[in-house]
Structure formats: C-alpha cells, structure tokens
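Asks: fold the following, please.
(chains A and B)
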Amino acid sequence: MVSFNLLALVSFAYVAVLFGVAFWADKQARKGKSSWLRSPLIYTLSLSIYCTAWTFYGAVGYAARSGLEYLTIYLGPTLVLVGWWWILRKLVHVGRAQRVTSIADLISSRYGKSNLLGVIVTLMAVIGTTPYIALQLQSVTLSFSVFAADQQAGWARPDLNITAFWIAAGLALFTILFGTRSLDVNERHSGVVTAIAIEAVVKLVALLAVGIFVVWGIAGGPAEIAEAIETSQMATWKMDGARWVSITFLSAAAFLTLPRMFQVLVVENANERQLATASWAFPLYLLLMSLFVLPIAVMGLKTMPEGANPDLFVLTLPLSQNREGLAMLSFLGGFSSATSMVIVAAIALSTMVSNHIVMPLWLWARRANPGASQSGDLRRFVLISRRLAIGGILLLGYAYYRFSGGGAALAAIGLISFTGVAQVLPALLGGLFWRGATRTGAAAGLISGFVLWAYTLYLPSFGADGIISSKMLADGPWGWGWLRPQALFGLGGIDPVVHALFWSMIANTTAFFAFSLGSFPTPLERLQSAQFVHALPQNTPSRSSLIGSGGAEDLLVLSQRIMGPVQAQTLFENHAKRQGKDGYLPDPTPDFIERLERELAGLVGAATAHAMIGPVVGGVAVSVDDLMAVADEAQQVLEYSTRLEAQSEELSRTARQLSSANDKLTQLSVQKDAFLSQISHELRTPMTSIRAFSEILAEREQALTPDERHKYATIIQDETIRLTRLLDDLLDLSVLENGQVSLDFQPVYLHDVIDRAEVACMSFLGAQKLVIHREKGNEAISLYTDTGRLAQVFINLVSNAAKYNRAAAPRLDIRISLREGRVLVDLIDNGDVIPVEKRALIFEKFSRLSDQAAAGSAGLGLAICREIMGKLGGRVDYLPGQGGAAFRVTLPLSDPKIRDNS
Amino acid sequence: MRPPDRPLFVARESYRRSRIIDAIKLVPVLGALLFLIPILNMSSGSATTFSGLLYLFLSWLGLIGLSAYLARRVMQKDVGSEGEMAESPDKDAQ
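Replies: Residues are numbered from 1 along each chain as shown, chains lettered A, B, ... in the order given. As a prediction, the model looks like this:
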C-alpha cells in the first residue's frame, strides 16, 4: 500500500518540477526565445484546463449515474471549437485589439468602459467559480482519503476538512508564486501556460492508462467491454432529451464565459493559427479524455463493492487490482486536473478583482485625498492586491466546500457553476454582434439572470436548511407556491438544472433585449460598439484632431507608475519617433492617447485606464470628430478617404518637422547673435585685465613691491588659463564636428569610467556637497569605447549637476539599465527641472539656461558631450518626467562595427 | 492595386477561400444535427447504450477530421496575408 508520506512526497516533487518548468519557460520568454511557446500545440494543450478534476474523477461518476449524458459536457465545447469562424475568431481579434485582460474587462470595455458592468461580471464570476474551486478541493481531498483509507497509524486518516484546508493554502501559495511574479504590458503568462500544457499531457496519459488497463487488463478486450456494457444496468440508453439539449448548450456557453477559459482562449492567444489548430485538435483531446469513461464506469460498477463512490473509480479500480504504480499515476492525473484549474481560475479572477474592484476603489479614495498618491510605484500595489485576491478566492472555495458538506456528486456541483457563469453569454454575444446592445440592457440582463440563478440553483445547493429552509423549498417563500425555488410559476417536476437554466436565460435575454431597445447609449458606448462589432475589417473611425491640453509629461509620469519606467519610456519614445519628433515626449494626439489607454488597459482594465487618463487629458476623451462620426455614421466616406488621410498625415508630419526645424533655426540665429556679443565679452574681459596689469608691470616696475608684482603676475596667469580653456573647448568642438578626431577604443568596465568621473569631479568641486548615489552592482558592464572621452562626458554631466543644482541637499542618482543591446546610464538630480522650451536648445553650442555666467562656463559642455557620444556610437538626451534635471547616456554594448569605423 | 494580369487567378483563389470559410461555418450546424438526432430516436426506446456510444464517437471523430481538413486548407491560403498580420499585431505600432 502506498503510504501517505510517499503520496505527499510525490505531489511535492511533481509541483516542484512544474515550478521549475514554469520558471524556465518564463526565462526563455524574457530572452525572446519564445516562438515555440506560442506554438498551436501548447495553445491547444493549455485549453485542457477545461478538463478539471470534474472530468478526471467526476465524468466516470456521472457516467455511472446517468449513462451517456456525461458526453454532453464535451460535445458543447466541440461545437464551439469546430465553429471557430463564427465566435472564437472574432472574440480573439477583439480581445487582442482592445488589450482585454478578462471577461469582465471585455464586457466593461464593450459597453462604454463601464465600471459597473465590470463589477457585476467580476462578482458573478467569483460567486460562480466558488463551487467549482470547492469541487477541485473535494476531489483532491477524496483522492487523498482513498490512499489513506487502509492506513491506521500516524496522520493517515486526518480530518478531511484539515486536508482540504492545507490543499487550498498550498494552491494559493503556488498560484501566487506562479501567476503574480511580475506585471508587464502584453504579458502572457508563458510559464503558467507551459506548466498547464505539461499537466494536460499528464492527465491525458493517466486517464488513457487507466482506461487501457481496465479494457485489456480487467475486462479482457474491446469485445468483452462491449458485452459488459450490453449486460450492465445501463444497457438501454435512457435519455432525458431536455437535459441532453440543456447541458450541451450550457457547456458550450460555459466554454466561452468561464473566466479561466477566457484567460487561455483569448488573453493568452497569440495568433489565429493557434485557433485554427485548436479547432480540431482540442475536440480530439476531449474525445480521447472521454473515450474510456464509460468502460471504466461499467467495470467499476461490476467489480467494485456495492456503495463504492463512482466518482473515485479511476483511483479505486487500479488499487483494487493492486496496481499501485497505475493508481499513483492516476492520482497525479487527478492532482494535475485540479491544480491547473485552480491556478488559472485564481489568476483570471484575481486580475478581475484587482482591475474592477480594487483599482476603482483606489481611484475613488484618491479623489478624496489627492496628495497621498502622487508618488510611488503602482505596480506593487496592483500585484499585492492580486495576491490577496488569490488568497481570498481560495478561501471562498474552501468555505463553500465546508458549507455544502463536501458530499455532493462532482458533476452536480460543476453544473451549478456552469449555469452561473453562462449568464454572461447574452451580453457577450450581443456585444460582439449587435450594435444596438447597450450598457443598461447588459446590466439588466446580467442582474436578472444572476438573481434567478442564485434563487433557483445556487442557494438551494447548500443543502436542505443550508441557506434556504426546507420549508421554503417545498412551499415557496411566505407559502407562495408559485415562487418555489425549484418550481417557479408552477413549472415543477423537471430537472433543477434545466429549470434554472430555462428561467435564468429567459429572464436574462428578455431583459437584455428589452432594456437595450428602450435605452439610448452614450457616445463612448456607440464608439466602442462600432469597434467591437466591426472588429474584423479594421475600419475604426480615424481621429485626427488634437484633444485636450493634456501634458505629455504628466502622461509619462502616470504611465511610468503603472508600466514601469522602461516600458513607458520605450512606448513614448517610439511614438515620438512615429510623429517625427526627437526625444521622449510625443504630442498628445488622440491617436497616441488611444494607444496609451489601450496599453494601460492591458494592465489595469479598460474602465480603470479610462478613468486614470481622463483627468490628465482634461476629461475630454471623445473628440468632436468622434462625435461627428457617431452622429452621421458616414463611415463609407471615411473609408474612401483613408488614403487621402494617410497622405495628409504624412504632410502634416513633414510640416511639423519643418516648423520645428524652423523654430530651432530662428532660435539658433538669435542665440548666435547673443553668443557673438557674449564671446567677445568673454574674450575681452580677460584680455583687458591682462593688458592693464601687464602695462602696470612694464611701466611702474620700480614702484611695485615684490608682493604686488607677484599678485599681478598671478592675475595675468589666471586670466590666460581661462582664455586657454575657452579656446580649448572651441577647438575640441570644432575637431569633433569636423570628424578629425581620433578615438582610442579599448575594452573597459563601465564602473571604472564612472569612478574616474566621480574622482575627477570631487577633486575640483571639492567644497560643494553633492551626494552621488550609484548602483554599483549594475555597473559591471564591459564596454568597448574611448575611456577618456566617455569619462569627459560623465565629468561634464556630473559637474553640471553640481553647479546648477540649487536644492538644499543636492543629490545625484546614477542608474544603469540594459535595453535591446544598449546600456542606458541615467543621471538624475533633485534640482530644478529644465523647462520644456529650453530642452531642445541645451545641447546646442553656446546655449546657457540662465544669463548668469555660472562658474564661468561658455555653454559648450553639453554640445561637446553630444558630439562625443555621437562619435562613440551612442547618444545623450534629456530625460523628462523624473522630478529633477535628468540626462540619459545611451551606449552600445561591445559592438564590432565601431572597431571598424575607428 | 493589383497587377492587371492577375485578377482572374486571384478571383478564383479568393472564391475557393470563401467557399472553404462557408464550409467551416457549416461544420457546427452539422455537428449540432448529429449530436441532437439521438433525441428523435428516443421515443422508440430501442437504442442501446453501446450503439449510442459508437454513434456519438464516430460522428465526433468525423467532425474532427472534417474540421482539421478545412482548418488546414484555410490557413494554407492565409499564409502571407492575414496570417502574418495576425502573427504580429504590434509591428506597425512599434
């Protein structure tokens, strides 16, 4: 007999292997070697979380109780998948185009980014999934107890509730480790999906192995199995037609609306090819999973003692034949089924809870106290809220398990859950295919369907006198017979699931259509409806005018807090480049704001992203053009003029470039004039004093004391040095600009260069108390560059930070990061931000921020830096949105091309 | 703008493709029919579980085979056009 300890050990080892695989896959994905992770095979296998412990253990029990009806659970999804061109293809396109994070997000985004709908769907999903999670806990607990049944000593027969509790706690921990390690835009959980794919293989192999053993090992062959079925108590096919149709429909609906299925089907989907393959491969997987279910059920009923739980035949049949290895494999299969479902469901639900309940509450709290949230990294907050949500969801599942008594058949629990989540279907399909569907209609449909489901199926599931008293079940509330939960309006005598599905769906769709027809959508709703319903032929109404006065810099600050600095800066930089602008701040065009909002929606959900961006862009998120497009719906005309618009966009981009070049030239000309007077002044002042003092020395040499003579000579010398330095800088710049400079490339470590710059600065700045914070751990990067020139750049930037920083306690942070084969060195101080209009000019020759000739510079330092970085194959830029003056030095990693050029 | 010497060929191609898509759209209808036919048979009460099992699994398998054939056909014709676009929706945005 397998000992309990061995069982626990095997489970732990299995989980450890899965974790290793997930970790490795995440690493591969981060390195960009993830093409195989997006293969149709992995996608198909990941869909297998549809087959939970319900399938693994429950299907056999279901077959033993109701014959062939168990197949309906798999026929429904098969119909959805082979008909992928109808619904799934569109769903996946919409999901990708709108950066949808969950089913709640899709519904909320479709109906005008309504947070109310997000909250409703989230609550429904959490409540509807709770029985399902309880089902997994129950099945794993039962499977442990099967192994423990024969054991007497130790903790062999622990309290089942305690076992269930520790399983729930372990799964919560596992999910948190797996699913909420990081938060990135476009994040697909590559690690989790890979682990799920492995679990899919394990459970398929396990079930097939048990099936083959039962057919060939116990029964003796296919012919004997056929005979066993013909002679068993289920020989004639007793079919309940209503249940057959209802459950097929229900499983098809649930396949689309279960939060975890939506997660793997839509959110983790990478391309249409995956879907095309899954359209036949996943039905094949389902077929294989259900192939041996009936034989196992028949042989179980035949050979196992009377009263044995048919839900556990998959485990008890091999055990009764003393096949412990097979039983262990079967146990692992069931364990896989349960864990993969719980992990993905908890990830999906926690995303929904954090995006649609926690974040809106946070935004609401911020409104009351605007000062408190101006700083800090939101990503941590989001991650923590997701982790807490995962714990909460598993706790709810455990509570349901305790309350429902843990005694019900697995299939019965699963159907309750299916009926609950299927209530989202009308709003989902209506939203995808009918432009007339409105927020009011969706909310009315969801709420009425949900209330009826809860009343007719969910609450009675807690057992007699659980939540609804048995008297109320039998006679209805206050003795009103027509309101009996399981026989509404006198429609008694039919199966409770069929009854609940019938009434809830009727009420749901009726309310959905009636309220949609009777209400009028807001402009944002109509805009979204057009984007969703016409998602496939990419004809979203184009937007061209500038909206609001939202500062791009405020948007950058906001995005950095949600996406993290690296991703936000890349996004802004790329978009600025597309607009033909240099640097990190694109113009806040509607196009850009729409894209940014979508990126943020990928992290915090559409409604929250909309609410966060709204205030920054001045509350105008729907432009006049949009309203026009909605008002006259003349989109055909827009289509014809698409090419014209593309041209005019090109023209306006060129015009923008020209006008900014012109502005720059004008400013440069003004500056040059100013500089000419400046430079003559600079040259004249030392010259005047040199001349005056040398005249004194020449004419009155005899009258001077040696001390005076020495003093005058020193002044002449200092002034000469100043002149020389000025002329050196000018010469240096002209040499750099004319490309006559010879660079001395050599391998060097970045930290050596920064050390050198720091020492040099400290030696001549001396008294100024600039505190430099460095990340020495990150600086060990080897470069192939001109050490002296690079040090010159750093010296210049550090001494600027020291000279111009007027903060009480000046500090300078030097941060290093790597991106796309480049080293980024950010020098960020806590002094004054450089005004936007000056940023384009500070790198030009002779430019100075203030007129005061601070520390005697001629305004050449940054110009020299820029020239040097150009020669070294990198660049230096002003980095906006950091709360102080900040410069970014970009360097290539060791690059052989530079060697050739030098 | 297509080159003037290609329209006949392209039209034939795209005609084929849209018929394949039609076929894909019809597969679930066929499937629903196959899976619901047993209900009609119930009134006679003569069906055995084993024959039902054989019938359901064979029609299921047929549906899978048909779907696999059509999915392959449509994706082959897709290569280079929509398939590529679907592969990297972000490229144009970067």
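
Asks: isn't A:Ser232 right next to A:Gly300, touching?
Replies: No - the pair A:Ser232 / A:Gly300 is not scored as a contact, 10.4 Å apart, by CB atoms under 8 Å. (Glycine included, C-beta is placed from N, CA and C.)

Asks: these two - which one has more neighbours?
Replies: A:Gly300 (24 against 18; other CB atoms under 10 Å in any protein chain shown).

Asks: quick check, the more buried one in a helix?
Replies: Yes - assessed with DSSP: H, G, I helix; E, B strand; the rest coil, A:Gly300 lies in a helix.

Asks: ok, it to chain B distance?
Replies: From A:Gly300 across to chain B, the span is 15 Å (CB to the nearest CB, to the nearest Å).

Asks: and A:Leu783, by the same measure?
Replies: From A:Leu783 to chain B the distance is 27 Å (CB to the nearest CB).

Asks: element containing A:Arg656?
Replies: In the assignment (DSSP states H and E), A:Arg656 maps to helix A:642-699.

Asks: typo on my end, it should be A:Leu428
Replies: Assigned by DSSP H and E, A:Leu428 falls within helix A:425-433.

Asks: now do whichever helix or strand comes after that helix: distance to the chain's middle.
Replies: Using DSSP H and E, the next helix or strand after helix A:425-433 towards the C-terminus is helix A:439-453. Relative to the centre of its chain, helix A:439-453 is centred 29 Å away, using CA atoms, centre = their mean, to the nearest Å.

Asks: can you pull the phi and psi angles for the residue in chain A that chain B sits nearest to?
Replies: Scanning chain A for the residue nearest chain B gives A:Gly83, at 3.1 Å (criterion: CB to the nearest CB). The phi/psi pair for A:Gly83 (degrees, to the nearest 10) reads phi -100, psi 40.

Asks: for A:Thr785, same thing?
Replies: The phi and psi values for A:Thr785, taken as degrees, to the nearest 10, are phi -160, psi 180.

Asks: so who does the residue nearest to it when sequence neighbours are not counted touch?
Replies: Distances taken as CB to CB, 6 or more residues apart in numbering or on different chains place A:Leu872 nearest to A:Thr785, at 5.4 Å, with adjacent residues excluded. A:Leu872 sits next to A:743, A:785-786, A:789-790, A:891, A:898 when contact means CB atoms under 8 Å, 6 or more residues apart in numbering or on different chains.

Asks: could you dump the residues you listed to JSON lines with pLDDT and secondary structure?
Replies: As requested, those are exported to JSON lines (pLDDT from 0 to 100; DSSP: H, G, I helix; E, B strand; the rest coil):
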{"residue": "A:Leu743", "pLDDT": "82", "secondary structure": "coil"}
{"residue": "A:Thr785", "pLDDT": "87", "secondary structure": "strand"}
{"residue": "A:Asp786", "pLDDT": "87", "secondary structure": "strand"}
{"residue": "A:Arg789", "pLDDT": "87", "secondary structure": "helix"}
{"residue": "A:Leu790", "pLDDT": "89", "secondary structure": "helix"}
{"residue": "A:Leu891", "pLDDT": "87", "secondary structure": "strand"}
{"residue": "A:Ile898", "pLDDT": "45", "secondary structure": "helix"}
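
Asks: give me the buried subset of the residues you listed.
Replies: With burial judged by 16 or more other CB atoms under 10 Å in any protein chain shown, the buried subset of the contacts of A:Leu872 is A:785-786, A:789-790, A:891, A:898.

Asks: what packs against the helix or strand hosting A:Arg273?
Replies: Following DSSP H and E, the helix or strand that holds A:Arg273 is helix A:272-291. For helix A:272-291, the packing partners by 3 or more CB pairs under 8 Å, 6 or more residues apart in numbering or on different chains; DSSP states H and E come out as helix A:40-46, helix A:72-82, helix A:88-97, helix A:190-212, helix B:49-78, helix B:82-87.

Asks: now the fifth one: buried residues?
Replies: Just to be clear, that refers to helix B:49-78. Buried residues in helix B:49-78 (16+ other CB under 10 Å): B:49-53, B:55-56, B:59-60, B:63-64, B:66-68, B:70-71, B:73-75, B:77-78.

Asks: so, in contact with chain A or not, that helix?
Replies: Yes - on the criterion CB under 8 Å from any CB of the partner chain, helix B:49-78 is in touch with chain A at B:49-53, B:56-57, B:60-61, B:63-68, B:71-72, B:74-75, B:78.

Asks: longest helix in chain B, please.
Replies: helix B:7-42 (DSSP state H).

Asks: direction-wise, compare that one with helix A:72-82 and give the angle.
Replies: 170 degrees (axes from the mean of the first three to the mean of the last three CA atoms, to 10 degrees).

Asks: hmm, helix B:7-42 in reach of chain A?
Replies: Yes - Helix B:7-42 comes into contact with chain A (CB under 8 Å from any CB), by way of B:21, B:24-25, B:27-29, B:31-32, B:35-36, B:38-39, B:42.

Asks: list the helices and strands that helix packs on?
Replies: Counting contacts by 3+ CB pairs under 8 Å, 6+ apart, helix B:7-42 packs against helix A:72-82, helix A:241-257, helix B:49-78.

Asks: the helix holding A:Leu428 close to chain B?
Replies: No - using CB under 8 Å from any CB, helix A:425-433 stays clear of chain B, coming no nearer than 13.8 Å.

Asks: run the angle between that helix and helix A:241-257 for me.
Replies: Using the same axes, to 10 degrees, the inter-axis angle of helix A:425-433 relative to helix A:241-257 is 50 degrees.

Asks: can you name the residues in contact with helix A:425-433?
Replies: For helix A:425-433, the external contacting residues (CB under 8 Å, 6+ apart) are A:87, A:90-91, A:94, A:103, A:106-107, A:110-111, A:117, A:121, A:253, A:256-257, A:437, A:441-442, A:445-446, A:449, A:505, A:508-509, A:512-513, A:516, A:529, A:532-533, A:535.

Asks: CA atoms of it as CSV?
Replies: Output of helix A:425-433 as CSV, limited to C-alpha atoms (Å, rounded to 0.1, in the frame of the first residue of the first chain):
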residue,chain,number,x,y,z
LEU,A,425,-23.4,34.9,-22.7
PRO,A,426,-26.2,37.2,-23.9
ALA,A,427,-24.2,40.3,-23.0
LEU,A,428,-21.1,38.8,-24.6
LEU,A,429,-22.6,37.7,-27.9
GLY,A,430,-24.9,40.7,-28.0
GLY,A,431,-21.9,42.9,-27.6
LEU,A,432,-19.9,41.2,-30.4
PHE,A,433,-22.7,41.0,-33.0
